[in-house]
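Participant: sequence plus the predicted model coming up.
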Amino acid sequence: MRIRRAATCAASFLALALMAGACSGGGGGEEDGGNQETLADIPATDINPVDRADLEEGGTFNWGINEYPTQYNMSHVQGNLANVQRIAASVMPIPVRYDENGGVHPNEPYASDIVLSDDGLTLTYTLNPDAEWSNGDPITWEDYAAQAETLGGKRENDSEYQIGDKTGYELIESVSEGADEFEVVIEFSSPYAEWARLFEPLYPKRYMEDPEEFNTGYERDFPVTAGAFGDVEFDDTRETVTVNRNEDYWAEPAVLDSIIFHSYGNDALSGVLANGEIDGYYLGYEAAHYEELKDLDGVRITKAIDNAYRHLSLNGGEGRLLEEVEVRNAIVHGIDRAALAEATLSGVEWTTDPTVNRLIKSSQTGFQDNSEGFGEYDPELAAQMLDEAGWTQEAEGEIRSKDGEQLELHWVIPSDLQNTADEAEIAKAQLEEIGVGVRIESVPSTAYFEEYIVPGNYDATTFVYTSTSPFAGDSAENFTGPVGEDDEGNVNWGNNLAFHTTDEINEAYERLSEETDPDAYAEIANEIDRLLWEQSMAVPLFQRPGTYAVRDTVANWGANGLMSIDYAMIGFTAE
């Protein structure tokens, strides 16, 4: 799962995001004023599909995003951001693509065929021999082998690589050359049902074979690319990233001349769309922006299921205030998640349907709510649980304490997201009712993940996990671990931002990755979702709306849901 900032029966490639929301627990129906529409009523995609023949050739698409990332190696612990994925996917090779139902297909510019053996142990890629890196080198089996070796933790200097997630790669026993250098033969130690998650994207072997190149080679740079776009330009003053049409691309060329990713604060994005500076951005559930744009001439707002959910993250790492699961569970019972969802979603035309699942989206087989006994708002039970855990309250209105330490949560929020601030204030008021203090710290959006959330400098926060693939097991990186130790012997939790897990969760994800029967796969995914509720990990608030604000002349861009973005086909309709 990727980390997304803003307003993944297959598994999901989720990203961390600040503004995003899926479906919240509690609240919703007609009797409490909620929208009667359900998630089942909402389409899977909304991208204004248009054939290439009906598009204008050329032009620049100005894409609004809400951060200016530093690290563009997506396998690096700091590269696990949705905005990084958006940019990288336009210029880096990915051997598979997903349709709107999450079906997996070879991505023909890079792979003409992909075959998994009947026993699930051998995966063979037939590569496109015309595909090449921007330095002129062909893309061969050696690039796949180098990435598998590094991300599988097989190198002697593994601790020098700052890897965010090794899921799937650790099951690879060998990568070898097949009939020629354009055939990749991968042998697994056990069946891996989610093989399509591998090499998303692929990086050149040079940047996998050396830890310095791995850690710093793609810092605010794309030294080598291989996509429909390339020749990446960074403007640190304007905070833009420009990707230009790859004139040496071997497949169908991009319609556009270029895409410029513009970094703005969340509070500025609606204004720059309205005045013509950008052509589209993820609107999400910012009520004021929705109201400003919904009737604006020349702008449409998409509506589709989004492959993401907004959640409450609690830091349960060793030595933290919330290390004990009983305390985390009490905190969840002390927060009315339905109230947070209603406050966030009431300003946009989106269902408050409370059904929620971390691993399976509402449009997928096996979707169900697993929150019973852990997700309910019950302040009396919460207070009782805290008493039993030794966090006592001397007098009504005071903050609970234990062994001289107060139960005051450090709740971190990004400075430019009003919805996030509202969530924190609502939760603060509710938690104070049960004797839990909350100290809200607003930090610059540019520092939110890199300096606070990823290093674990927080107790509580809210953001979004978003996915670019339909596999439930893609969320393993957010809930399993640890992934090793750093050079100083400290535990490395990779992309697990809760900084804890259980053997049961690790084992269940291993079983999930090996399961090829769809019904059994969904059953294990729901088992994991229940285990995550028991541990109060990434407590869901709601399934994020697929609401993008985009000029009505833009085609093949918007709410993609489970479907891969075809960057070469983004364009403007011919007049």
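Facilitator: Sure thing, it's come through.

Participant: pLDDT of stretch 393-407, averaged?
Facilitator: Averaged across stretch 393-407, pLDDT comes to 95.

Participant: endpoints of it, how far apart?
Facilitator: Using C-alpha to C-alpha, to the nearest Å, the end-to-end distance of stretch 393-407 comes to 10 Å.

Participant: residue ranges with poor pLDDT in this protein?
Facilitator: Residues of the chain that meet the criterion pLDDT under 70 lie in 1-36, 352-354, 575.

Participant: from what I see, Thr461 and Ile413 are in contact.
Facilitator: Yes - in this structure, Thr461 is within contact of Ile413 by C-beta atoms under 8 Å, at 6.7 Å. Placement of C-beta: from N, CA and C, glycine included.

Participant: can you give me the neighbour number for Ser270?
Facilitator: Neighbourhood size, Ser270 [other C-beta atoms under 10 Å]: 25.

Participant: and it, what helix or strand is that in?
Facilitator: Ser270 belongs to helix 269-274 when assigned by DSSP states H and E.

Participant: contacting residues around the helix or strand following that helix?
Facilitator: Once helix 269-274 ends, the next helix or strand along the chain (criterion: DSSP H and E) is strand 280-282. Strand 280-282 has contacts (C-beta atoms under 8 Å, 6 or more residues apart in numbering) with 6-7, 19-20, 61-66, 269, 273, 547-551, 554, 557-558.

Participant: end-to-end on stretch 41-52?
Facilitator: So stretch 41-52: terminal residues 30 Å apart, C-alpha to C-alpha.

Participant: tell me the gap between stretch 108-118 and the middle of its chain.
Facilitator: Distance, stretch centre to chain centre, for stretch 108-118: 25 Å (C-alpha atoms, centre = their mean, to the nearest Å).

Participant: so who does the nearest residue to Asp54 once chain neighbours are set aside touch?
Facilitator: Of all residues not flanking Asp54 in the chain, Ala574 sits nearest, at 5.8 Å (C-beta to C-beta, 6 or more residues apart in numbering). Residues near Ala574 by C-beta under 8 Å, 6+ apart: Asp54, Leu55, Glu56.

Participant: which of those are buried?
Facilitator: Leu55 (16 or more other C-beta atoms under 10 Å).

Participant: how about TSV for the contacts of Ala574, with secondary structure added?
Facilitator: Putting these into TSV (DSSP: H, G, I helix; E, B strand; the rest coil) gives the following:
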residue	secondary structure
Asp54	helix
Leu55	strand
Glu56	strand
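
Participant: residues near Leu202, how many?
Facilitator: 21.

Participant: and after the longest strand belonging to the chain, which helix or strand comes next?
Facilitator: Counting residues, the longest strand found in the chain (DSSP state E) is strand 460-471. Downstream of strand 460-471, the first helix or strand assigned by DSSP H and E is helix 476-479.

Participant: now do the buried residues in the biggest helix by length in the chain.
Facilitator: Longest helix of the chain, by residue count under DSSP state H: helix 518-535. For helix 518-535, a neighbour-count test (16+ other C-beta under 10 Å) marks 521-522, 524-535 as buried.

Participant: for stretch 205-224, same thing?
Facilitator: Residues 205-211, 213-218, 222, 224 are the ones in stretch 205-224 that count as buried (16+ other C-beta under 10 Å).

Participant: also stretch 295-313?
Facilitator: By neighbour count with 16+ other C-beta under 10 Å, stretch 295-313 contains the buried residues 299-313.

Participant: now, those that are in strands?
Facilitator: Per DSSP E, those map to strands at Val299, Arg300, Ile301, Ile305, Asp306, Asn307, Ala308, Tyr309, Arg310, His311, Leu312, Ser313.

Participant: which one of these is nearest Val175?
Facilitator: Asn307 (28.9 Å; C-beta to C-beta).

Participant: going by distance to Thr70, which of the buried residues of helix 518-535 wins?
Facilitator: Closest to Thr70, out of all of the buried residues of helix 518-535 and judged by C-beta to C-beta, is Leu532, at 29.7 Å.

Participant: Val325 versus that closest one, what's the distance?
Facilitator: Note on Leu532: its distance to Val325, by C-beta to C-beta, to the nearest Å, is 12 Å.

Participant: and for Thr355?
Facilitator: 24 Å.

Participant: swap in Trp391?
Facilitator: According to C-beta to C-beta, Trp391 and Val325 sit 14 Å apart.

Participant: more neighbours: the two, which one.
Facilitator: Trp391 (25 against 16).

Participant: for Thr344, see how far away the more buried one is.
Facilitator: 29 Å.

Participant: for Ser263, same thing?
Facilitator: For Ser263, the distance to Thr344 equals 23 Å [C-beta to C-beta].

Participant: the closest residue to His410 other than its chain neighbours: neighbouring residues, count only.
Facilitator: Setting aside the residues directly before and after it, His410 is nearest to Asp459 in space (C-beta to C-beta, 6+ apart), at 4.5 Å. Using other C-beta under 10 Å, Asp459 is surrounded by 22 other residues.
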